[in-house]
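> just coords:
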Ligand SMILES: Cc1cc2nc3c(=O)[nH]c(=O)nc-3n(C[C@H](O)[C@H](O)[C@H](O)COP(=O)(O)OP(=O)(O)OC[C@H]3O[C@@H](n4cnc5c(N)ncnc54)[C@H](O)[C@@H]3O)c2cc1C
Ligand code: FES
Ligand code: FES
């Protein structure tokens, strides 16, 4: 089957083309879109591309980073200032997938994919979108909740705070094949500390529900406490609360729930 | 459906072709240009048999929209040898029995080349990581890893 490919020089034109055609799909790195086309997915009749360099921009300030939707994981790995995002970027695919796959595409990647988005959810990222009606910023949770209805809008960039210290942000992807494999569970935790107490804990999980979700009960278990073994145990005991994992070839829902606490404990106590 | 005109560098030579919308680079290379060295294994990004270098970076040609290669340099296994002389990686693959059925070999060689071009003295772990997107159903990987390490060591000896 052939599709129409429309290439635009600006993100504005690409967004307009997307919002006016329900069967149009934006092409980021293409690792999922081309898969669908190769399989003969007939729901896509138009592929929209943008060559706008703004989509490939990375901006780093003392407090925040802004990453264009078209930035690849390989580029993140080459950027020293984005060191806190290296573990999530490295956990994706093999080298070719990291050279091709983008941050923007990861936001839409269905489970077991979307590992980078787990990190972004823990970091309370903001998604800059351009739709038919102009641009707007969406908190990542709102974006994820309405993700299925975001077809037709273009993600321009994501931005998030820089963790205050290397310890304040932790990431772990559990896979059965090393060094590359689909996620059994992906965990990310942002644990800012103020006067020795955790304040504003955010823990995000991948492969534990239809989209990436926050583990709010585990966050509550850590809030206001220091990261000692009793706080870690309380968080680990609460981690599966509110999750709804499914059975897949990688792991059963039961197994995912069962081991989530083990992996959270390892993540928080700094064990391999 | 109109075809799209496309030009890129294929192993150092400029090629011009017409592609149907949505065609991937693997199909363009094999069916239009006639370079059969990149292989079709899955069309899903899972096997790495179709690996090529685009502007020196490892890409999966089956997941690359052909049009996105416009103006860029595409390298396939066909461009690896220098006239009648095999590339050091190809020789090391022969000497270390790194190919059995050979189906994964073009992709493995391109993944290995991408690594050595960037990092001429990789560790064993770095070699494993570099070929982690490439599946081999025959060798058990050890001979391939040894061949890449040997090619790297050979390069050092010559340098
Ligand atoms: C072999 C293999 C291994 C993989 N391993 C992993 C893994 O370990 N972890 C993981 O998370 N993922 C993995 N993936 C999935 C995928 O490669 C990544 O999720 C990647 O980030 C997707 O990005 P992309 O740019 O290639 O997406 P594309 O295929 O270009 O797009 C995916 C979806 O997002 C939409 N989209 C893309 N960019 C935008 C934008 N700017 N605005 C609006 N919509 C947009 C597209 O329309 C499409 O619906 C793997 C894929 C393959 C083939
Ligand atoms: S054919 Fe491209 S990865 Fe398998
Ligand atoms: S040699 Fe047969 S698949 Fe690798």
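Here it is on my side, so go on. None of these values were measured; they are calculated from a predicted model. Numbers count the residues shown, from 1 in each chain, chains lettered A, B, ... in the order given. Ligands and ions are numbered 1, 2, ... in the order given.
> which residues of chain B lie near ligand 1?
Neighbours of ligand 1 within chain B, by Cβ under 6 Å from any ligand atom: B:45, B:46. C-beta: built from backbone N, CA, C; applies to glycine.
> top helix in chain B by residue count?
helix B:142-158 (DSSP state H).
> buried residues, that one. List them.
B:143, B:144, B:145, B:146, B:147, B:148, B:149, B:150, B:151, B:152 (16 or more other Cβ atoms under 10 Å in any protein chain shown).
> so who does the second one touch?
Pointing back at residue B:144 there. Residue B:144 is in contact with B:93, B:96, B:98, B:108, B:112, B:131, B:136, counting by Cβ atoms under 8 Å, 6 or more residues apart in numbering or on different chains.
> just the first one next, same as before
Each residue near residue B:143 by Cβ under 8 Å, 6+ apart is listed here: B:96, B:97, B:98.
> near ligand 2 too, which of these?
Within these, nothing lies near ligand 2 by Cβ under 6 Å from any ligand atom.
> about what we covered before: the contacts of residue B:144 in helices, which ones?
Residues of these located in helices (DSSP H): B:93, B:108, B:112.
> drop anything exposed from those residues.
B:93, B:108, B:112.
> quick one: which of those residues is nearest ligand 1?
residue B:108 (15.6 Å; Cβ to the nearest ligand atom).
> so that closest one sits against residue B:132, correct?
No - the pair residue B:108 / residue B:132 is not scored as a contact, 11.2 Å apart, by Cβ atoms under 8 Å.
> where do the helices sit along the stretch 101-250 of chain A?
A:103-108, A:115-122, A:140-145, A:216-222, A:229-238 (DSSP state H, counting those that start in this stretch).
> and residue B:22, which of these is closest to it?
helix A:103-108 (17.1 Å; Cβ to Cβ).
> how about the residue most central in space within chain B, nearest residue that isn't a chain neighbour?
What sits nearest the mean C-alpha location of chain B, by Cα atoms, centre = their mean, is residue B:110, with 3.0 Å. Excluding the flanking residues, the one nearest residue B:110 by Cβ to Cβ, 6 or more residues apart in numbering or on different chains is residue B:51, at 4.4 Å.
> surely the one you found meets residue B:115?
No - with contact defined as Cβ under 8 Å, residue B:51 does not count as touching residue B:115 (11.6 Å).
> okay, and whatever residue of chain B ends up closest to chain A sits in which element?
Proximity to chain A, evaluated over chain B using Cβ to the nearest Cβ, is greatest for residue B:133 at 2.3 Å. Under DSSP states H and E, no helix or strand contains residue B:133.
> where does it land on pLDDT?
For residue B:133, the pLDDT comes out at 97.
> excluding covalently adjacent residues, which one is nearest to it?
Excluding its sequence neighbours, the residue lying closest to residue B:133 (Cβ to Cβ, 6+ apart) is residue A:94, at 2.3 Å.
> next up, the contacts around the one you found.
Counted by Cβ under 8 Å, 6+ apart, residue A:94 has contacts A:180, B:48, B:131, B:132, B:133, B:134.
> returning to what we had before: can you redo the ones in helices among the contacts of residue B:144 as CSV with pLDDT?
Formatted as CSV, the ones in helices among the contacts of residue B:144 follow (pLDDT from 0 to 100):
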residue, pLDDT
B:93, 98
B:108, 98
B:112, 98
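> what's the closest of those to residue A:19?
Among the ones in helices among the contacts of residue B:144, and counting by Cβ to Cβ, the member closest to residue A:19 is residue B:108, at 43.1 Å.
> so how far is residue B:85 from that closest one?
20 Å (Cβ to Cβ, to the nearest Å).
> picking that back up, name the element the residue nearest to the centre of chain B belongs to?
Per DSSP H and E: helix B:105-118 holds residue B:110.
> now the angle from that helix to helix B:142-158?
On the basis of axes from the mean of the first three to the mean of the last three Cα atoms, to 10 degrees, helix B:105-118 is oriented at 40 degrees to helix B:142-158.
> can you give me the domain boundaries for chain A?
For chain A, automatic domain parsing gives the domain ranges A:4-50, A:53-161, A:166-269.
> is the second one in proximity to ligand 2?
No - contact between domain A:53-161 and ligand 2 is absent, the nearest approach being 7.9 Å (criterion: Cβ under 6 Å from any ligand atom).
> okay, strands next: where are they in chain B?
Here chain B has its strands, by DSSP state E, at B:4-10, B:13-19, B:51-54, B:57-60, B:73-75.
> next one: chain A
Counting by DSSP E, the strands of chain A are A:4-8, A:24-26, A:46-50, A:58-60, A:64-68, A:126-131, A:134-139, A:154-161, A:169-175, A:183-190, A:193-194, A:197-198, A:202-206, A:213-214.
> so which of those is nearest residue B:31?
Distance to residue B:31, taken as Cβ to Cβ, is lowest for strand A:4-8 among the strands of chain A, at 17.9 Å.
> angle of that closest one against strand A:46-50?
Using the same axes, to 10 degrees, strand A:4-8 lies at 20 degrees relative to strand A:46-50.
> mean neighbour count, the helices of the stretch 101-250 of chain A: which tops it?
Most buried of the helices of the stretch 101-250 of chain A by mean neighbour count (mean count of other Cβ atoms under 10 Å in any protein chain shown) is helix A:115-122; its value is a mean of 28.
> the inter-axis angle of it versus strand A:183-190?
30 degrees.
> angle of helix A:115-122 against strand A:154-161?
Helix A:115-122 and strand A:154-161 are oriented at 50 degrees to each other (the same axes, to 10 degrees).
> what helices and strands are in contact with helix A:115-122?
helix A:86-90, helix A:103-108, helix A:140-145, strand A:169-175, strand A:183-190, strand A:202-206 (3 or more Cβ pairs under 8 Å, 6 or more residues apart in numbering or on different chains; DSSP states H and E).
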